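S.K.: fold the following, please.
(2 chains)
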Amino acid sequence: MTAPTIAVGNGRATLRRNFWHGVWRVLKRKPSRMAGMVIVLGFAFMGIFGPLFYPDPLPRDTANLYAAPSWEHLFGTDFEGTDVLALVVTGSSYVLLSAVITAVITVVLGTGIGLFAGFRRGRWDTVLMRITDMKLTIPGLPLLLVLSTIWKFGSAIEMGLVLGLLGWGGVARAVRSQTLSLRERGFIEAARGLGLSTTHIIGRELLPSMAPFIAMNMLIAVTGAVYAQVGLFFLGVLPFEANNWGVMLNLAVFGGGAMSSPAALPYLMAPLLAILLLTLGIVLAVDAMDEIFNPRLREE
Amino acid sequence: MKRLAAVVALLGLATVTACSGNTGDKSAAGGGDGGGGLYTTIDAIKPSLDVNGPINPWSPKGNAFWGYNAMRIAWSKNHLTDPNQFYPGIAASWEIAPDNSSITLHLQPNNKWSDGKPVTAEDVKFSIALAYTQGSTAFAIDPGAAGAASEVEVVDDKTVKISQDMKNPSVTFVRGVMDSFIVPQHVWSSVLPADFWDKLKAARGEGADAENARAEITALSEKVLAFAPPKDVSAGPFALERMNPGEALLVKNKNFYNAANVGPDQVKMLNSTGNEQIWNYLIAGKLDSAPFTAVPADVMKRISSTPGNAVVKGFSPVSLGLAFNQAKKPYDNVHVRRGLAYLINREEVTTIASPEGGTPAVTTTGIHQKPAAEWLGAELGELEPYKLDPAKAEEEFKKAGLKKEGGKWTLPDGTPWKFTINVPTPFSDWVSGAKAVTSQLTAAGVDAEVLTVADYPLYLKEIAEGKYDVGFWLVALGPAPYNIYQRLYGASNGWAILGGKVKHSAPGKNGNWMGGPETIEVDGAKVNPGELTAKLNSASEDEQKTIVGQLAKAANQDLPVVQLWDYVNTQFVNTNHFTGFPENDSDLLRQPAGVWIQLGMVKKK
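M.R.: Residues are numbered from 1 along each chain as shown, chains lettered A, B, ... in the order given. Next up is the predicted model:
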């Protein structure tokens, strides 16, 4: 009698197929999740391909400053007659790229340090957590304000890097706590008893259990990065880029008088709506991710 | 732009000179009933109130509001071309010696401090001693400083005579005297040592003792700046009663010499942290008057539609220039600067940046266009206007050796040319204007960008250190032509008057950030614009006119700056509660509302 064998390659393909099938099922269950994914994918598309739809530099209509919304200019024009929607679309690349870099750095560093410290415990845990504690005591925004006087954050990568390096502390602490809790559970004990490698235990047993948690932190990191950089640009401490969402908010309020008169209101509303929509999209998408990565779902 | 308004006001007020004899007007307007009431406004010099600020006119944080509870000897009219006109302040009238060697002040005969003690000549002399510690223009302690006072003599209880050191005279002497703040000696007496005047005498000599005396006087500066009287004792129309973070309340000084004609009983200064706050106050009709603030067109419509609100406009002796650091390539080449001037559409830039507060500069002369017409007459029309002309720009760039590759201009060696304009973030009209300039240049193939700096003091520090290639720079601070051309051919471009002689510093040294050459070619002849500017300090009126013509031509041909727009003094008044405000083009618009009030103009409705 021979044991039934399953080709490894086929097995992975099946698993992948089942995973995507599960994803689709999860998304279909609530229309809001579908909407969230559409929004996130829409922003990703906008960030990558959006600038290709517009000429560089963007055209100006100087006879039409702060024009009211129309079919030609859905969100009106800015102080020098440039289409506001075009500014939002072309400006999305910087915001999204730096937010993604921030999120990746936050999650990779935070999860890596948290998992390692929580799983290994002992001296490594002590050292890493003291470093994390020190990092947590650094006030983010004031430090960024000081940094901005010497560093101009000209590229999205620089901005993402700095925000990411400032943001991993909370994730590391939380992941460590979660790891400490999980490592005492039966299935981890069993995995250890079976002599499975540390890499396997961490990668296949611990990490999936924490996936929703990590995804949540990714959400916070992305939205936090958007708020932080837009805030810094709004305060006017970073270089001027007319299509940066924060600069647009600054100019709409302090230059255009958007809080005092309606002419510059669409100029203010466009980047605000973009930020709101992006946040909403991520929240709804993570709601879906929560269910996708939840181990209980896989049991169904 | 609130902060720019303050800067413009300060610079405008601080740079005018007087050069011949005159007596002051008694009053700008007739008397009439006071009537009382509460007058609400914003202070242009210090819109952000600080409850912990001392009642000290020399302190940058001080709660001494010019024209209200802080008084000068006299208030300058900042006339278009005649800097020799003042409104009375502490002094009712004055006589200036024909050779400008002295000025005799006659104090208001019936003026008293708010605590009832009379304002005397001793108060004036004591305040002048305080001014020496701050190094004010007429009261410099450096030996041989041009325009410094050599003697302060109390003639009688209400008369003071101040003499100029005639070894090195200056036309700025009279204005330097008139701009002095006067404070009560009986409140401030502890700040200065009893032997101050002996120390000052010693400081004017040479050797170690003189050095020590100068150091001692300079060291008193901090003590003067930090002094905080417990209570406001004012010789102005008002005294500070109380303040909180949102507002300061000043009440009428019943002892003020013209108290019977001071309209409001109280003045409320509202705190302001930004333009939009002032717009909202104006839209709500809360302010009886407000200083110049950059206002977008739509907000202006809303402000104007508020019942009682009116906009008054007048001359402001300030222009905005796009300034080059000629120590950096390719801005050392005049053809590059001219090419850039031909690519900038000044009308469009002004419409975008300052539609209410500026008019496009007719050309670059270094002078605001209104006084330029007076100083230059027909010559103004003969100067190159630098109208938008891409073909001429291309010609100039080619003369400079620049190359156009793939539609973009590069430096002569083929390396990319990045044109970066630096501006301070809080100045919203500068930011918009700089962006408009870069958009125009980018469209013409110049790779241009705007870089912002967090605040104006940092901007001034960095520009002085030569960190920027190109920045915005206030010019044309008149009416004295010496002060006007100081902005182009003064210390920031390497020239300074030291010991009565003009000296030129190399770029990067002694504050020379513009880095222009010491001599430039104008109509084929070499001229030294710094020396010409220095001559304006002591030249007669006719000589001044000739020199101004030469300097305007030099600025027009050499373009150390490209003049973008000339400021218009745009202010707001509300006639719901008070009347008698200055009309359009009044020279009083160049002084705070406290001066209008103290002269008896503003009346309760």
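
S.K.: and B:Pro416, bridged to which residues?
M.R.: B:Thr410 (DSSP bridges).

S.K.: repeat for B:Ile162
M.R.: With DSSP bridges as the rule, B:Ile162 is bridged to B:Ile103, B:Val152.

S.K.: and it, how far from B:Ala121?
M.R.: Noted for B:Ile162: a distance of 11 Å to B:Ala121, by C-beta to C-beta, to the nearest Å. Backbone N, C-alpha and C define where each C-beta goes, glycine included.

S.K.: please say which of the two ends up with more neighbours.
M.R.: Set B:Ile162 next to B:Ala121 and count neighbours by other C-beta atoms under 10 Å in any protein chain shown: B:Ile162 wins out with 25 against 20.

S.K.: tell me the contacts of that one?
M.R.: B:102-105, B:128, B:138, B:149, B:151-153, B:177 (C-beta atoms under 8 Å, 6 or more residues apart in numbering or on different chains).

S.K.: which positions in chain A make contact with chain B?
M.R.: With C-beta under 8 Å from any C-beta of the partner chain as the criterion, chain A meets chain B at residues A:57, A:60, A:62, A:65-66, A:79-80, A:148-149, A:152, A:236-240, A:242, A:250-251, A:253-257, A:259-264.

S.K.: report how many residues lie close to residue 66.
M.R.: Using chain A. 25.

S.K.: that was the other one, I meant chain B.
M.R.: 23.

S.K.: residues in contact with it?
M.R.: By C-beta under 8 Å, 6+ apart, the contact list for B:Trp66 reads B:43, B:45, B:57, B:72, B:592, B:594-595.

S.K.: nearest to B:Val561 among those residues?
M.R.: B:Ile45 (25.8 Å; C-beta to C-beta).

S.K.: bridging residues for the spatially closest residue to B:Arg242 that is not a sequence neighbour?
M.R.: Leaving out its chain neighbours, the residue that sits closest to B:Arg242 by C-beta to C-beta, 6 or more residues apart in numbering or on different chains is B:Leu249, at 5.3 Å. Beta-bridge partners recorded for B:Leu249 (DSSP bridges): B:Arg242, B:Lys268.

S.K.: give me the element B:Gly236 is part of.
M.R.: Assigned by DSSP states H and E, B:Gly236 falls within no helix or strand.

S.K.: pretty sure it contacts B:Ala64?
M.R.: No. Applying C-beta atoms under 8 Å as the test, B:Gly236 and B:Ala64 come out as separate, 9.0 Å apart.

S.K.: which pLDDT value belongs to residue 3?
M.R.: I went with chain A, as the question did not name one. Note on A:Ala3: pLDDT of 45.

S.K.: ah, I was thinking of chain B
M.R.: On the pLDDT scale, B:Arg3 is placed at 50.

S.K.: again with A:Val253
M.R.: For A:Val253, the model assigns a pLDDT of 91.

S.K.: quick check: it vs B:Lys112, distance?
M.R.: On the measure of C-beta to C-beta, A:Val253 and B:Lys112 end up 47 Å apart.

S.K.: can you give me the neighbour number for the residue of the stretch 101-250 of chain B found nearest chain A?
M.R.: Closest approach between the stretch 101-250 of chain B and chain A, counting by C-beta to the nearest C-beta: B:Gly246, at 18.6 Å. By other C-beta under 10 Å, 11 other residues sit near B:Gly246.

S.K.: could you do A:Leu232 as well?
M.R.: Counted with other C-beta under 10 Å, A:Leu232 comes out at 21.

S.K.: can you tell me, leaving aside adjacent residues, what's nearest to it?
M.R.: In space, and not counting its chain neighbours, A:Leu232 is closest to A:Leu238: 5.2 Å by C-beta to C-beta, 6+ apart.

S.K.: helix/strand/coil for the one you found?
M.R.: Three-state assignment for A:Leu238 (DSSP: H, G, I helix; E, B strand; the rest coil): coil.

S.K.: for it, list the residues it contacts.
M.R.: A:148, A:152-153, A:229, A:232, A:244, A:246, B:452.

S.K.: that one and B:Ala290, how far apart?
M.R.: For A:Leu238, the distance to B:Ala290 (C-beta to C-beta) stands at 31 Å.

S.K.: related to what we said a few turns ago, pLDDT at the closest residue in space to the residue of the stretch 101-250 of chain B closest to chain A that isn't next to it in sequence, what is it?
M.R.: In space, and not counting its chain neighbours, B:Gly246 is closest to B:Asn271: 5.2 Å by C-beta to C-beta, 6+ apart. With respect to pLDDT, B:Asn271 scores 93.

S.K.: again, but for B:Asp25
M.R.: pLDDT, B:Asp25: 36.

S.K.: now do B:Val7
M.R.: pLDDT for B:Val7: 53.

S.K.: burial of A:Gly203, as a residue count?
M.R.: Quick note: A:Gly203 (other C-beta under 10 Å) scores 12 neighbours.

S.K.: same deal with the one 5 residues further on?
M.R.: By other C-beta under 10 Å, the residues close to A:Pro208 number 14.

S.K.: one more: B:His186?
M.R.: For B:His186, the neighbour count with other C-beta under 10 Å is 14.

S.K.: what about the residue minimising distance to the centre of chain A, which helix or strand?
M.R.: Geometric centre of chain A, nearest residue: A:Val222, 2.4 Å, by C-alpha atoms, centre = their mean. In this assignment (DSSP H and E), A:Val222 forms part of helix A:207-235.

S.K.: cool, A:Leu74 as well?
M.R.: In this structure, A:Leu74 is located outside every helix and strand according to DSSP H and E.

S.K.: among the contacts of B:Ile162, which ones are buried?
M.R.: Buried residues within those, defined by neighbour count using 16 or more other C-beta atoms under 10 Å in any protein chain shown: B:102-105, B:128, B:138, B:149, B:152, B:177.

S.K.: next secondary structure after the longest helix seen in chain A?
M.R.: Longest helix in chain A, counting residues (DSSP state H): helix A:84-120. The helix or strand immediately downstream of helix A:84-120 is helix A:122-137, counting by DSSP H and E.

S.K.: list the buried ones in that next one?
M.R.: For helix A:122-137, using 16+ other C-beta under 10 Å, the buried residues are A:125, A:128-129, A:132, A:135.

S.K.: got the angle between that helix and helix A:84-120?
M.R.: 150 degrees (axes from the mean of the first three to the mean of the last three C-alpha atoms, to 10 degrees).

S.K.: pull the distance from helix A:122-137 to the chain's centre.
M.R.: Chain-centre distance of helix A:122-137: 25 Å, with C-alpha atoms, centre = their mean, to the nearest Å.

S.K.: list the contacts of that helix.
M.R.: A:113, A:116-118, A:168-170, A:172-173, A:176.

S.K.: how about 10 Å then?
M.R.: Outside helix A:122-137, the residues that touch it by C-beta atoms under 10 Å, 6 or more residues apart in numbering or on different chains are A:109-110, A:112-114, A:116-120, A:165-173, A:176, A:179-180.

S.K.: cool, and stretch A:279-291?
M.R.: With C-beta under 10 Å, 6+ apart, stretch A:279-291 has contacts from A:22-23, A:25-44, A:99, A:103, A:211-220, A:222-223, A:226-227, A:297.

S.K.: show me the contacts for the residue of the stretch 101-250 of chain B closest to chain A.
M.R.: Contacts of B:Gly246 by C-beta under 10 Å, 6+ apart are B:49, B:51, B:268-271.

S.K.: tell me the one of those residues nearest chain A?
M.R.: B:Leu270 (15.8 Å).

S.K.: tell me which residues touch that closest one, please.
M.R.: Shown in contact with B:Leu270 (C-beta under 10 Å, 6+ apart): B:40-43, B:47, B:49, B:246-248, B:277-278, B:281, B:286-287, B:290.

S.K.: next: B:Leu551.
M.R.: Going by C-beta under 10 Å, 6+ apart, the list of residues near B:Leu551 reads B:365-367, B:375, B:481, B:484-485, B:488-489, B:522, B:527, B:529, B:532-533, B:535-536.
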